[in-house]
Every structure is written in structure tokens, then in C-alpha cells.
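**Q** no FASTA, just this:
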């Protein structure tokens, strides 16, 4: 089994896609006006409008209400990315900080309030874990 993608459902798809294009420095692939993806070597961040959820059922998601998931991106240099996105992010929750498990981490919120973690492994153990 392979985790293929994570999908965020939003009321403002264009805004959220533009945010992630700027934050990740990757272009989005638009498939319809209600669905786009940001593809990385490790997985895909799918972004869909609330209209897409009608295909699955009624009242099964609520946009901009995530309180328990962190979307994480391993980046080359989290300090450089902080400088690049600090004015883009809605809220910086934690500036780059080295965590006890060996990753240097930047935690911020996207326009819908979802928590995003950019991290760079910095200790030998963390670097080894990610095969760098």
C-alpha cells in the first residue's frame, strides 16, 4: 500500500492553490476548475473545492476546520524557506527551530488555517532516516 496524496477541501480554491504554489515553489496541475494538485517526488497535495464533495455525499467535510493534521514538506533548507515565505504565510506558528528528534522545523498556517510544517533533517540520525 502506498499513500498517494492528501486532499484539502476549501471554499476558496484559487487562493489556496496560489498559496501552495508560492509556498512550495511548485506549479499546480489543474484538472478542472474545482480540482488541482501540487505534485512532489514524495507525494501529492490535492486541492479541491467544496463543490467536489457533492460527488461523495452531503455534509461529509467542512472547509477550513482542520484542528488535528499537520501537512509536512521536507525541504532543502528550512531557514531559507522561512525567509522566502514569512510574508506569505497567514500565521507563523513557530519560526525555524531544531526539534528533539533532529529536524529543523518551521510551522505555519495556510489561508484556511491548516498547519504546514517545512522541515530539514539536521542531526546525523535524522539525516540517515531520510537517506540524505
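**A** Here it is on my side, so go on. Just so it is clear, the model here is predicted, and its values are computed rather than measured. Numbering: from 1, shown residues only.

**Q** for the chain, give me the ranges with low pLDDT.
**A** Residue ranges of the chain with pLDDT under 70: 132.

**Q** can you give the domain ranges for it?
**A** 1-57, 66-132 (automatic domain parsing).

**Q** now do the contacts for residue 123.
**A** Shown in contact with residue 123 (Cβ atoms under 8 Å, 6 or more residues apart in numbering): residue 102. For the C-beta atoms, the positions are set from N, CA and C on the backbone; glycine is no exception.

**Q** so how far is residue 98 from it?
**A** Distance from residue 123 to residue 98, counting by Cβ to Cβ, to the nearest Å: 8 Å.

**Q** mind checking the end-to-end distance for stretch 59-69?
**A** Stretch 59-69 has an end-to-end distance of 20 Å (criterion: Cα to Cα, to the nearest Å).

**Q** which residues touch it?
**A** With Cβ under 8 Å, 6+ apart as the test, stretch 59-69 has contacts from 6, 8, 9, 10, 11, 50, 53, 112, 113, 114, 115.

**Q** run through the bridge partners of the second one.
**A** Same thing as residue 8. residue 47 (DSSP bridges).

**Q** what's around it, how many residues?
**A** 21 (other Cβ atoms under 10 Å).

**Q** and the strands in this structure?
**A** Here the chain has its strands, by DSSP state E, at 5-10, 29-32, 35-40, 43-49, 70-74, 91-98, 103-109, 115-121.

**Q** of those, which is nearest residue 20?
**A** strand 35-40 (5.2 Å; Cβ to Cβ).

**Q** what packs against the closest one?
**A** helix 13-24, strand 29-32, strand 43-49 (3 or more Cβ pairs under 8 Å, 6 or more residues apart in numbering; DSSP states H and E).

**Q** which outside residues touch that strand?
**A** For strand 35-40, contacts defined as Cβ under 8 Å, 6+ apart pick out 5, 13, 17, 20-21, 24, 26-31, 44-49, 52, 73.

**Q** a markdown table for the helices and strands packed on strand 35-40, including mean neighbour count?
**A** Compiled in a markdown table, these are given as follows (neighbours: other Cβ atoms under 10 Å):
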| stretch | mean neighbour count |
| --- | --- |
| helix 13-24 | 18 |
| strand 29-32 | 12 |
| strand 43-49 | 19 |
